[in-house]
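Trainee: My questions concern the predicted model and sequence given below.
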Amino acid sequence: MFLVVLAALWGLWEGYRWLWIHEGWTWPFVVDDTTMPHLYDIFAALWGSASPGGVGPRLITVLGKGALFTAKEAAAGFALGAIVGFTLGVLLAQFRLLQRGLLPWVVASQTVPILVVAPMVVVWANPKLPSGLKDWGAVALIAAYLTFFPVTVNTIRGLQSADRRALELMRSYAAGNWRILWKLRFPAALPYIFAALKIGATASVVGALIGELPSSIPNGLGAQIINFSQYYSTEPRGLWATNVVAAALGISFFLVIVLVEKLVVRRAPENLV
Amino acid sequence: MSVVEISGLTKQFGETTALQRIELEIAEREFVSLIGPSGCGKSTLLRIVGDLIEPTSGTVTVNGKPARQARTDRDYGIVFQDPVLYDWRTVAKNVALPLEMARWSRQRRNERVQKMLELVELQGFENHRPWQLSGGMQQRVSIARALSFDPSLLLMDEPFGALDEMTRERLNMELLSIWDASGSTIVFVTHSIAEAVFLSTRVVVMSPRPGRVSEVIPIDLPQPRTATTREEPRFFELVTRVREALHLGHDLDRPAPAAKEATA
């Protein structure tokens, strides 16, 4: 089924391209090799040279290295965001007063445009980071900023999703709050938490890319995006290829979470989110 | 000594009186059913005995202690209409849950779980997940869990209400043999007159608005009850008795509600 959809999307792209060029339609935009290159051209470009002159390493090698670097930032940011998000979620779920006071601010934190926050974080955090974390550590913070929010919100929701009678049972066993949390609320919340981790995993990659833009780190995919967007009018395939690699990175992050969920969460089929 | 002593118990939910001046004593080894129409407060009464909710006034003692103390001493096990099993735990781990809370050692837990699963005839299902079992089997797991730590009092809130008639009658028999083997006292909430009469040593008939005890009927059918108990003339007499008591409680209620609900 996955392959069928893939083939259908490919066909849609090429079909649209052919139709618009053939009919000479210009709305919503003119279709040519610059706006919509052939998909096989984009993939072919991955195996070609990275620089327009035709010398130097293959594009896929350059982008692969960039992707690994960005993956490191995103993974660190994701881990940090997931831990902070979960801890915050547990605290807010356990202490209602804290939830009433803090949750609006947690929400507010996400209404601030990340493009505005990213350069600030780089400027503030970078001077204070130890040399091993310099630059990429700041980017990881931005990735964490995008990750923690869905994890916090879903952790709260998940911890509160425990069945009322299951809670009464725990009460009848004279179980304390923290044991109820660990033995009942936490397992009940896992499907919710994993739903958030899936969102967070893809968001952390986006966060890392956005974080790279103002920090002028040359090693990641973000630098390649800036680089290739400058050459877009003459060599569009480079940006499209970068796009493909970035998407592949996001998808692999997502798939890792799906795999871990399969190993960890053991719920009745109808209770999986 | 009585296991449960309820005196002057009243429960208000806002303006509504869910229970009014309930007086009830339950002796050791009794099997007492609470029966009545919806809204008569029978489940509320059970929850108050279990200290899951608090009464507005009046006292409840369990084993001579306040209900709260009895709860923290783990004096009672509880079974709801739904089995409420944890679907991330295996059958064996579900039964072991209260034992974990009581900090039993792993070995002691395993031994007890085996014994409980034998009692409810579920040997061989230790490693199944709850959702792989039928409704009747799930409810048996839930009963095994409630009895696992040997509580002196078992509180059951319509435990067989969601099951079909056949399964229900079989589980009725099983419950009686468990009651016999475990030596515990049982308070049992039900909608079914026949079930109440068949199982109980006493049936407490309740009526609604406000929830109160309208009659307590001793069930003098010989012990142990068997499959033929349901066919004895005395069984039918008692079923009729309980039914009449239910209707009486209901009819007394008739003229009043209009006025009462207007003020509520």
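Mentor: In hand now; what should we look at?
Trainee: Which residues belonging to the lengthiest helix in chain A are considered buried?
Mentor: Scanning chain A for the helix with the most residues, using DSSP state H, yields helix A:59-94. For helix A:59-94, a neighbour-count test (16 or more other CB atoms under 10 Å in any protein chain shown) marks A:59-60, A:62-63, A:66-67, A:69-78, A:80-82, A:84-86, A:88-90, A:92-93 as buried. Using the backbone N, CA and C atoms, a C-beta is placed for each residue, glycine as well.
Trainee: Tell me which other helices or strands that helix touches.
Mentor: Applying 3 or more CB pairs under 8 Å, 6 or more residues apart in numbering or on different chains; DSSP states H and E, one finds that helix A:59-94 makes contact with helix A:39-47, helix A:96-111, helix A:136-159, helix A:186-215, helix A:221-230, helix A:236-264.
Trainee: Please name whichever of those is nearest to residue B:201.
Mentor: With CB to CB, the closest approach to residue B:201 among the helices and strands packed on helix A:59-94 belongs to helix A:186-215: 38.4 Å.
Trainee: Is that closest one positioned near chain B?
Mentor: Yes. With CB under 8 Å from any CB of the partner chain as the criterion, chain B is reached by helix A:186-215 at A:187, A:190.
Trainee: Can you give the distance of that helix from its chain's centre?
Mentor: 5 Å (CA atoms, centre = their mean, to the nearest Å).
Trainee: That helix to helix A:136-159, inter-axis angle?
Mentor: Here the directions of helix A:186-215 and helix A:136-159 differ by 150 degrees (axes from the mean of the first three to the mean of the last three CA atoms, to 10 degrees).
Trainee: on contacts alone, who are the packing partners of helix A:186-215?
Mentor: helix A:59-94, helix A:114-125, helix A:136-159, helix A:221-230, helix A:236-264.
Trainee: how far off helix A:96-111 does the second one point, in degrees?
Mentor: Following the same axes, to 10 degrees, one obtains 100 degrees for the angle between helix A:114-125 and helix A:96-111.
Trainee: cool, the longest one as well?
Mentor: Between the axis of helix A:59-94 and that of helix A:96-111 there is an angle of 150 degrees, by the same axes, to 10 degrees.
Trainee: same deal with the fourth one?
Mentor: Counting by the same axes, to 10 degrees, helix A:221-230 points 30 degrees away from the direction of helix A:96-111.
Trainee: and helix A:221-230, average pLDDT?
Mentor: Averaging pLDDT along helix A:221-230 yields 88.
Trainee: next one: the third one
Mentor: Per-residue pLDDT values over helix A:136-159 give a mean of 93.
Trainee: What of the second one?
Mentor: Confidence for helix A:114-125, expressed as mean pLDDT, is 86.
Trainee: isn't residue B:150 right next to residue B:178, touching?
Mentor: No. Judged on CB atoms under 8 Å, residue B:150 makes no contact with residue B:178 at a distance of 12.0 Å.
Trainee: Looking at these two, which has the bigger crowd around it?
Mentor: residue B:178 (20 against 12; other CB atoms under 10 Å in any protein chain shown).
Trainee: Remind me which helix or strand that one belongs to.
Mentor: helix B:165-182 (DSSP states H and E).
Trainee: Pull out the buried positions in that helix.
Mentor: B:167-169, B:171-176, B:178-179, B:182.
Trainee: repeat for stretch A:95-102
Mentor: Buried residues in stretch A:95-102 (16+ other CB under 10 Å): residue A:99.
Trainee: Let me see the contact set for residue A:154.
Mentor: A:89, A:189, A:192-193, A:195-196 (CB atoms under 8 Å, 6 or more residues apart in numbering or on different chains).
Trainee: swap the cut-off to 10 Å and go again
Mentor: A:85-86, A:89, A:161, A:189, A:191-197, A:199-200, A:273 (CB atoms under 10 Å, 6 or more residues apart in numbering or on different chains).
Trainee: just residue B:178 next, same as before
Mentor: B:116, B:119-120, B:140, B:143-144, B:147, B:154, B:171, B:184, B:186.
Trainee: From the residues you listed, pick the one nearest chain A.
Mentor: residue B:154 (11.1 Å; CB to the nearest CB).
Trainee: what's the pLDDT at the closest one?
Mentor: pLDDT at residue B:154 comes out at 91.
Trainee: same thing with residue A:185?
Mentor: 94.
Trainee: Please name the nearest non-neighbouring residue to it.
Mentor: Using CB to CB, 6 or more residues apart in numbering or on different chains and skipping residues adjacent in sequence, the residue nearest residue A:185 is residue A:159, 4.4 Å away.
Trainee: Help me confirm that the one you found comes into contact with residue A:90.
Mentor: Yes. Under the criterion of CB atoms under 10 Å, residue A:159 makes contact with residue A:90 at 6.9 Å.
Trainee: And the pLDDT at residue 206?
Mentor: Chain wasn't specified; assuming chain A. Confidence for residue A:206, expressed as pLDDT, is 92.
Trainee: To clarify, I was referring to chain B.
Mentor: pLDDT, read off for residue B:206, is 92.
Trainee: what pairs with it across the strands?
Mentor: Beta-bridge pairing of residue B:206 under DSSP bridges involves residue B:213.
Trainee: what residues are up against it?
Mentor: Residue B:206 neighbours (CB under 10 Å, 6+ apart): B:19, B:22, B:34-37, B:39-42, B:45, B:189, B:212-215, B:245-246, B:249.
Trainee: if you set the cut-off to 6 Å instead, what comes out?
Mentor: With contact set as CB atoms under 6 Å, 6 or more residues apart in numbering or on different chains, residue B:206 has these partners: B:36, B:40, B:42, B:213.
Trainee: so where's chain A uncertain?
Mentor: A:52-54, A:272-273 (pLDDT under 70).
Trainee: Can you tell me which residues in it are near chain B?
Mentor: A:165-166, A:168, A:172-175, A:187, A:266-268, A:271 (CB under 6 Å from any CB of the partner chain).
Trainee: What degree of burial does residue B:92 show, as a neighbour count?
Mentor: Close neighbours of residue B:92, defined as other CB under 10 Å, add up to 20.
Trainee: just checking, next helix/strand downstream of whatever helix or strand it lives in?
Mentor: For residue B:92, the host element (DSSP H and E) is helix B:91-101. Sequence-wise, the next helix or strand downstream of helix B:91-101 (DSSP H and E) is helix B:106-119.
Trainee: any idea of the mean pLDDT in that next one?
Mentor: 91.
Trainee: Help me see whether it makes contact with chain A, please.
Mentor: No. Helix B:106-119 stays clear of chain A (CB under 6 Å from any CB), getting no nearer than 13.4 Å.
Trainee: what's the next secondary structure element after that helix?
Mentor: Downstream of helix B:106-119 (by DSSP H and E), the next one is helix B:135-147.
Trainee: Now that next one - C-alpha only, CSV.
Mentor: C-alpha atoms of helix B:135-147 as CSV (Å, rounded to 0.1, in the frame of the first residue of the first chain):
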residue,chain,number,x,y,z
GLY,B,135,-16.4,-11.1,29.6
GLY,B,136,-17.1,-13.8,32.2
MET,B,137,-13.4,-14.8,32.4
GLN,B,138,-12.4,-11.2,32.8
GLN,B,139,-14.9,-10.8,35.7
ARG,B,140,-13.4,-13.9,37.3
VAL,B,141,-9.9,-12.4,37.1
SER,B,142,-11.4,-9.3,38.8
ILE,B,143,-12.8,-11.5,41.6
ALA,B,144,-9.5,-13.3,42.0
ARG,B,145,-7.8,-9.9,42.3
ALA,B,146,-10.3,-8.7,44.9
LEU,B,147,-9.8,-11.8,47.0
